[in-house]
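Participant: Here is the input, now give the coordinates:
(4 chains)
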Number of protein chains: 4
Amino acid sequence: MSDELLVRPASRHDYDGWLPLWDGYNAFYGRFGATALPLEITAMTWARFFDAYEPVHALVGERGGRLVGLAHYLFHRSTTAIAPVCYLQDLFTDVSARGQGIGGALIREVYQQARRLGAPRVYWQTHQTNHTAQQLYDKVAENSGFVVYRKVF
Amino acid sequence: MSDELLVRPASRHDYDGWLPLWDGYNAFYGRFGATALPLEITAMTWARFFDAYEPVHALVGERGGRLVGLAHYLFHRSTTAIAPVCYLQDLFTDVSARGQGIGGALIREVYQQARRLGAPRVYWQTHQTNHTAQQLYDKVAENSGFVVYRKVF
Amino acid sequence: MSDELLVRPASRHDYDGWLPLWDGYNAFYGRFGATALPLEITAMTWARFFDAYEPVHALVGERGGRLVGLAHYLFHRSTTAIAPVCYLQDLFTDVSARGQGIGGALIREVYQQARRLGAPRVYWQTHQTNHTAQQLYDKVAENSGFVVYRKVF
Amino acid sequence: MSDELLVRPASRHDYDGWLPLWDGYNAFYGRFGATALPLEITAMTWARFFDAYEPVHALVGERGGRLVGLAHYLFHRSTTAIAPVCYLQDLFTDVSARGQGIGGALIREVYQQARRLGAPRVYWQTHQTNHTAQQLYDKVAENSGFVVYRKVF
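Facilitator: Numbers count the residues shown, from 1 in each chain, chains lettered A, B, ... in the order given. Modelled structure (predicted):
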């Protein structure tokens, strides 16, 4: 076991280490307790990471034999490109391991994967009030100036 | 031929009417002349609308036998839902037909399609400086407060 | 309610009528009792029929308010075509309604859907010993002379 | 450069070595001259091997710095499984390199990939008169007894 950070694709054996990170990530967005993400969604999302038909992928960051971060990304069509674009949907570092470059390392590995697979760009969303995250994002990417509208049914 | 607005899925026969709208839409985002969208992307995107394997769709607005608007939407996976989400990527009304409710009618039809197909939500992006568009969007959807970061390779 | 056969896409409300047909179909292939198809597969397959991202579809045949047949088809890529091919995976008519042209009507509707969606061909598999089914198939399609090899893990 | 056979995923750089194999494979099935596979299909199929959204993959066999075989496989949905099945659509060994175990090595690598990615089975089709191929197939897989019907539009 090394103190070096290892960023790698999640494997089926990572479930027990991944779940607390996923729960922590969801809690940050208010999905806990009565508004927790339903268990069947977590089960489905986890299964999709290992389904060869699904363009949905997971990376984990490992240090000292412990999972300390996750990144989930997926490829989807775009009307303005032949190759799919890469959407980095989820990024999370364990609270105990913040400020050590783990988020940046996960993002860079998503870039590597996207480039290797021919995607012309990676994008993600962050809340305009999340200045902490944006300190990192402004270093590794560009604020597009686009905002997201949505209609929830 | 009616003066009523008809919103319907695009068919292969619509290409000649659809192309000027698509060009107009792209020009609005600076994709014209030397920076025009490559022709092979337009050809591929048009083909995908009619490819049963591709979850990419086009609506057109027709009035008096003429196409006056378009909406392109696609479904993609999400890690926080079992059903796919619906991304309204492109929305455009011909300049000569603005202010007549065409954009709103196209959005409402995307909602219909998304609901019918089980998507829990529709989302789209708009530039924070596009106040004209946001006047409409604020009536039919919610500004999520999320901004888009991107890395172009 | 009509005694005419109605062939139409399955809707979420059809579950109770569809399930006995699906069970009957699976029993024909030996999937019942101890070797029954796991319930979670049936749940997933049913859900996929209504998932806008999944190119998996179901038709039902209805007569006198009762479901009497099913056809499940899906689109997948082929290396020798740009448009996807259509695979008719499952076809079943209730035992009480055999010999009334229901299977043929379901196949013809799959052809309609495949053609409408641009697929260059529809194919399916049948066991070489199933002469009853082949009497119908020889009328509406061509025996390709290809046999299926498989490796089950 | 080694005389050992190396079986590996195709890369974009392999195009010049892959194309003659693909042409040879197509010629075997009568697709040459006036009935040759259209060039745009070859271009699209090649592009899909490197499109992260497409579950279509290519392996090549390399010996002494030269490509001597290919295998194309894809994942698609099945109504009787949660995980996708793997369809080995194309398998070809250069005429000058037959009888050296290349076909079998390609098939075994497809098995590896399919297993790694969670597919419950791999299947392919061969013409019932192709006894040469079936000598190999009978060793590594099972003749299912299913025959393929098709309707070409």
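
Participant: from here on, contacts and neighbour counts on C-alpha atoms
Facilitator: OK.

Participant: need the helices for chain A, in chain order.
Facilitator: Along chain A, the stretches classed as helices by DSSP state H are A:15-28, A:39-48, A:102-116, A:131-140.

Participant: Packed most tightly, which of these would that be?
Facilitator: Ranked by average neighbour count under the criterion mean count of other C-alpha atoms under 10 Å in any protein chain shown, those are headed by helix A:102-116 at a mean of 19.

Participant: Tell me how far it lies from the chain's centre.
Facilitator: What separates the centre of helix A:102-116 from the centre of its chain is 10 Å, taken as C-alpha atoms, centre = their mean, to the nearest Å.

Participant: which residues sit against that helix?
Facilitator: Contacts to helix A:102-116, defined as C-alpha atoms under 8 Å, 6 or more residues apart in numbering or on different chains, come from residues A:5, A:7, A:59-61, A:68-71, A:73, A:86, A:88, A:91-93, A:120-122, A:136, A:140, B:153.

Participant: please redo it, this time with the cut-off set to 7 Å
Facilitator: A:7, A:69, A:71, A:86, A:92, A:93, A:122 (C-alpha atoms under 7 Å, 6 or more residues apart in numbering or on different chains).

Participant: State the number of residues packed around the fifth one.
Facilitator: Pointing back at residue A:92 there. By the criterion of other C-alpha atoms under 10 Å in any protein chain shown, residue A:92 has 22 neighbours.

Participant: do the fourth one as well
Facilitator: Under the neighbour criterion other C-alpha under 10 Å, residue A:86 is assigned a count of 31.

Participant: Distance of it relative to residue A:148?
Facilitator: Distance of residue A:86 to residue A:148, computed by C-alpha to C-alpha, to the nearest Å: 17 Å.

Participant: same thing with the fifth one?
Facilitator: Using C-alpha to C-alpha, one obtains 21 Å as the distance from residue A:92 to residue A:148.

Participant: what's the answer for the third one, then?
Facilitator: Taken as C-alpha to C-alpha, the spacing of residue A:71 relative to residue A:148 amounts to 21 Å.

Participant: cool, the first one as well?
Facilitator: In this view, residue A:7 and residue A:148 are 30 Å apart by C-alpha to C-alpha.

Participant: Compare neighbour counts for these two and give me the winner.
Facilitator: residue A:7 (23 against 20).

Participant: For that one, give me its contacts.
Facilitator: Counting by C-alpha under 7 Å, 6+ apart, residue A:7 touches A:59, A:60, A:61, A:62, A:106.

Participant: Pick the one among these closest to residue D:78.
Facilitator: Of all the contacts of residue A:7, residue A:59 has the smallest distance to residue D:78: 27.3 Å, by C-alpha to C-alpha.

Participant: Model confidence for that closest one, exactly?
Facilitator: In this prediction, residue A:59 carries a pLDDT score of 98.

Participant: Setting the sequence-adjacent residues aside, check what's closest to it.
Facilitator: The shortest distance from residue A:59 to any residue that is not its chain neighbour, by C-alpha to C-alpha, 6 or more residues apart in numbering or on different chains, is 4.3 Å, and that residue is residue A:9.

Participant: State the number of residues packed around the closest residue to residue A:72 other than its chain neighbours.
Facilitator: Once its chain neighbours are removed from consideration, residue A:72 has its nearest residue in residue A:58; the separation is 4.5 Å (C-alpha to C-alpha, 6+ apart). For residue A:58, the tally of surrounding residues (other C-alpha under 10 Å) stands at 23.

Participant: go on, residue A:100?
Facilitator: Residues within reach of residue A:100, counting by other C-alpha under 10 Å, total 11.

Participant: Export stretch A:119-128 to CSV, keeping only CA atoms.
Facilitator: Output of stretch A:119-128 as CSV, limited to C-alpha atoms (Å, rounded to 0.1, in the frame of the first residue of the first chain):
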residue,chain,number,x,y,z
ALA,A,119,-14.3,13.1,-27.3
PRO,A,120,-13.7,16.7,-28.4
ARG,A,121,-14.6,18.1,-25.0
VAL,A,122,-15.4,17.5,-21.3
TYR,A,123,-17.9,19.6,-19.5
TRP,A,124,-19.5,19.7,-16.1
GLN,A,125,-21.8,21.9,-14.0
THR,A,126,-21.3,23.6,-10.7
HIS,A,127,-23.5,25.9,-8.7
GLN,A,128,-22.6,29.5,-9.2
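
Participant: quick one: contacts of that stretch?
Facilitator: When contacts are defined by C-alpha under 7 Å, 6+ apart, stretch A:119-128 is touched by residues A:83-89, A:111, B:145-153.

Participant: give me that answer again for 8 Å
Facilitator: With contacts defined as C-alpha under 8 Å, 6+ apart, stretch A:119-128 is touched by A:81, A:83-89, A:111, A:114, A:133-134, B:145-153, D:51-52.

Participant: Which among those residues count as buried?
Facilitator: If you count burial by 16 or more other C-alpha atoms under 10 Å in any protein chain shown, the buried members of the contacts of stretch A:119-128 come out as A:81, A:83-89, A:111, A:114, A:134, B:146-151, D:51-52.

Participant: Enumerate every residue touching residue A:17.
Facilitator: For residue A:17, the residues meeting the contact criterion (C-alpha under 8 Å, 6+ apart) are A:66, A:67.

Participant: any weak-confidence spans in chain A?
Facilitator: By pLDDT under 70, the weakly predicted segments of chain A are A:1-2.

Participant: let's see 90
Facilitator: Where chain A drops to pLDDT under 90, the residues are A:1-3.

Participant: Name the residues of it found near chain D, please.
Facilitator: Proximity of chain A to chain D is assessed by C-alpha under 8 Å from any C-alpha of the partner chain, with A:50-55, A:75-77, A:83-84, A:117-119 identified as the residues in range.

Participant: now, the most widely separated pair of those residues?
Facilitator: Within the residues of chain A next to chain D, A:50 and A:83 form the most distant pair, 21.9 Å apart (C-alpha to C-alpha).
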